[in-house]
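[1] Can you look at this prediction? I've put the sequence above it.
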Amino acid sequence: MAMEQQSIWDATDTLSRPVSKRDIFFDKVFRWVTHAFTLGTIFVLFYIVFKIGGKALPVISEFGLEFITSTTWDVNAGKFGILPEIWGTLYSSILALILGGSFGIAIAIFLTQDFLHYRIQIVLKNIIELLAAIPSVVYGLWGIFVLIPLIRPLADYLHNHFGWIPFFSTSLSGPGMFPAALVLSIMILPTVAAISQDALLAVPLKTKEAAYGMGTTRWEAILRVMLPTASGGIFGSLVLGFGRALGETMALAMLVGNSNDISLSVFSPADTLATLLALNFPEAGEYEASVLMYAACVLLLITLLVNIAGATIITRCDCRSMK
Amino acid sequence: MKYKNVFKAAILALSVIFAGTGSVFAGDQVRLTGSGASFPAPLYTTWFKMFSRANPGIQVNYQSKGSGAGIRDFINHTVDFAASDAAMNDREIAQVKEGVQLLPMTAGEIVLSYNLKGIKALNLPRNVYPAIFLGKIKKWNDPAIMAANPGVKLPDREITVVVRADSSGTTFVFTKHLATICRDFKDGPGFGKTINWPAGVKIVKSPKNDGVTATIKQTPGAIGYIEYGFARMTGLPMASLQNREGKFVAPGLASGQAALANAEIPPDMRVWLSDPAGKKSYPIATYTWMLFYKKYHNPQKAQALRKMINFCLDEGQKLSDRAGYIPLPDNVVEIVHRASANIK
Amino acid sequence: MNFKNSGNGEPLQPDMLERRHFEVRTLKSIVLSSITIFAAVCACLPLFSVLIMLIYRGGKRLNLEVFYSLPPTAFETGGGFGNAILGTLFMIGLAALISVPFGIMAAIYLAEQGHCSRIAQTARFCAKTMTGLPSILAGVFAYAAVVLIMGHYSAWAGGIALSILMLPMILLTAEEAIKMVPSPMREAAYGMGCTPSQAMVKVTLPVAMPGIITGVVLAVARAAGETAPLLFTALFSDYWLHPNGPTASLAVLIYNYSGMPFENQIELAWAASLVLVIMVFILNIISRAIGQRKK
């Protein structure tokens, strides 16, 4: 508190006089500036949408919905379809969500339900948060040189013995859906874990105590009381993690194999919208650039919907818990 | 207000960085930016570094992005010059109002490198390697490959085909060759800087020659097309290909020069060797071009570029062989020297 | 694993409430606990693996030379990424210079107006939406809005692309931090005759400053590792920084070199990753230290 008091004392030195014209002028300018910057923020988003959407518009009217449902990408023939990329984006994100989501929630439970000594809990929490700090190119590099060689024997085994399951129907050649989804799941895990922790911590202590008071085991309390009470926030964390996975670019561009196929097999190479942009945008002529802008619009739309949904769920839960 | 200190520190740090860069503004250097083909990039970057060292007033920055990206940058005027193995087609040239001067700067061979443990030499007949890229041959121990390689123990492994993810002159030259020698390829995917690879091939796409080379190196059972120099520098084995006369020829300086001997440089400098004749010729060889505007707004830049071209033609060619490229024949050097005067 | 350690203060009567080890409920509890512990350990493995590989493969290559020399060409040995470090610092500096004042000013407006103003609501919504903007789209946007208009790749375009990613993060954290300041303090300032902006600048902002700085530092740390927005804006350069031309950055260097088949470049990619991760971690620790001091 010392700090605040001091600053107020600073202030009184200059304020023991009526408000001067200069002060009023300053006040007006200041308000005007904050107002302008706020409008600027809104403007930035609209300008981005305008720039991307504006370029895409002619192509949108030319291709229409066929663009989303067609599977060929042939620059020479002028045929463009991004269904494989949409599929790859959703499939990799869903795989990542299943893996990263379940691990993330498990960690959130582990960190909030008194499994650990307070200090270890903090250390572990920091480790998980540091996972989020590692840049995605570094994960990509690690994926190429560490993860792919590591999972190749496992993938070969699964393909040879369980090849009849559609998920393992092709062999892993190197870059592919599986390593990409693994790295993605590591990247969204901290998001899921952090927000789920907040949700679990927001459950009033009394609720938990009441459960224990009724003689539940720890896990009965967690599964029947804590998780259902925090479910809104946890669900929101999953949606936000999903949103993050959808837009991730670099690690995927390095690991996914960039081949526009639709395959259920997790070992086959695939492509996503973000990597399509990253790899094709630098060389696109004016026309292809518009086509890619259309793809960018689709990506923007998907991520916006998911993120807004996530944010809304979390805000609504916050409001409810406040009541 | 102790956070004033944090601010002060941050502002100080920023101003040091900005001041540090400000000092660079001072010198009036000519800076040339180029981008494009990855095929000759190792050679070009070495040339430009040597050139910049020999001419302190000029700095040439070349970024390897793929031929397609280079052409796009060139059309958008975001670079001073570009490089492409597919030259530029008429439609692209028409988009540059200053006029385009294409200059072949070096030549190279496209090799098929593979990753098979313990197999150092491999013969691929004319009917086999297009079939691999069409997805008709899917396994390394396919009878067609076995027949051409008696005594080689080929594994029962799926072939992973590594191709370019970006728009590439290497792809253009390679697919043009395939389309010339194989009807199915011509009628199917055709040729171009990017093509629609047939479904059913197990494909991994990777950006640039670098990426394809790295992916082959990391992927057991992979095959892909790259520039000779990339394969030699990384020690990847290269297949001997069957040429028009039916001989299996390993890539190298001599076989490349034999192939290039077939080409006559026309006035617009665009020439393709889709299937060179000659018993010793390696079947896939190509010139690679730099792209310049005919008219530069800044005469200093044009002068610097001409200087750079002369350097590449005289000093640079001595390096080509060592780097895995084919030096331009003397008569071609002469032609290019003369054509470079068009850059003003 | 048993009730005595759980610290929830259940009333334990030794005889009546003795734990029965083989009851299904207890077993289920044990199994689930082990799964959770296993999951937590698994989640830490990647971090350790990444760090160990960075230290092992990057540390091997890390020497003084990499800090002051330029990237090597394919045939050269040695070389470094001094220009990339400088480029990264320059571009995040530029991005911070744009987005920090912008974000804080807008945050002040949002915090002042609260939920009443429609503009504030819209801006908050826009900011939240922008946090989810795929970073590649920031690059696409900056290419269209800056590179094509300036006519060349430049550090300025890279900085602008990064600032788009930083802006919403700074705005939202700053707004939270300002809102956390107890309103009686501000009211006291009003009571002493401050204009609202004086109260904001002299009372509220200083108190909220730790929270704001934490947000800024985290945003900077995130921007330092971003690659996608720089790919088509700053591109890369083999020479020292020149803001009007293509500019090298650590992230793009790692991306470019990781795809190369040459040992020397791959080693440099690892070394650059180590430097980048150290930079990012230091920023994270700084932000944490400031955040802690707040409490």
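    Structure received.
[2] Next, the contact list for residue 87, please.
    The chain I'm using is chain A. A:262, A:270 (Cβ atoms under 8 Å, 6 or more residues apart in numbering or on different chains). All C-beta spots, glycine's among them, are computed from the backbone N, C-alpha and C.
[3] sorry, should have said chain C
    C:155, C:234, C:237, C:241, C:247-250.
[4] which bits of the stretch 51-200 of chain A sit near chain B?
    With Cβ under 8 Å from any Cβ of the partner chain as the criterion, the stretch 51-200 of chain A meets chain B at residues A:72-77, A:144, A:148-149, A:170-171, A:173-176.
[5] which of those lies closest to C:Asn256?
    In terms of Cβ to Cβ, no member of these lies closer to C:Asn256 than A:Ile144, at 13.0 Å.
[6] Next, work out how far apart the closest one and A:Thr72 are.
    Here A:Ile144 is placed at a distance of 29 Å from A:Thr72 (Cβ to Cβ, to the nearest Å).
[7] and stretch A:174-188, is it in reach of chain C?
    Yes: on the criterion Cβ under 8 Å from any Cβ, stretch A:174-188 is in touch with chain C at A:Ile186.
[8] Just say helix, strand or coil for the nearest residue to C:Ile254 once chain neighbours are set aside.
    Nearest non-adjacent residue to C:Ile254, counting by Cβ to Cβ, 6 or more residues apart in numbering or on different chains: A:Val137, 4.5 Å away. Secondary structure, DSSP: H, G, I helix; E, B strand; the rest coil: A:Val137 is helix.
[9] Isn't A:Val137 up against C:Asn256?
    No: the pair A:Val137 / C:Asn256 is not scored as a contact, 9.8 Å apart, by Cβ atoms under 8 Å.
[10] Which one's more surrounded, these two?
    With neighbours defined as other Cβ atoms under 10 Å in any protein chain shown, A:Val137 and C:Asn256 compare such that A:Val137 has more, 29 against 24.
[11] Tell me the one among the contacts of C:Gly87 nearest to chain A.
    Of all the contacts of C:Gly87, C:Leu250 has the smallest distance to chain A: 8.7 Å, by Cβ to the nearest Cβ.
[12] can you pull the contacts of that closest one?
    Taking Cβ under 8 Å, 6+ apart, one finds C:81, C:84-85, C:87-88, C:224, C:272, C:275-276, C:279 in contact with C:Leu250.
[13] Also B:Asn342?
    Going by Cβ under 8 Å, 6+ apart, B:Asn342 touches B:101, B:294.
[14] Now do it, the pLDDT please.
    If you check B:Asn342, the pLDDT there is 85.
[15] backbone phi and psi for it, please?
    phi -70, psi -10 (degrees, to the nearest 10).
[16] In contact with A:Ala245, which residues are there?
    Shown in contact with A:Ala245 (Cβ under 8 Å, 6+ apart): A:92-93, A:96-97, A:100, A:184, A:187-188.
[17] Would you mind splitting chain C into its domains for me?
    Using automatic domain parsing, the domain parsing of chain C gives C:3-61, C:66-294.
[18] one step back: just the buried ones among the residues of the stretch 51-200 of chain A next to chain B, please.
    Neighbour-count burial (16 or more other Cβ atoms under 10 Å in any protein chain shown) applied to those gives A:73-75, A:144, A:148, A:170-171, A:173-176.
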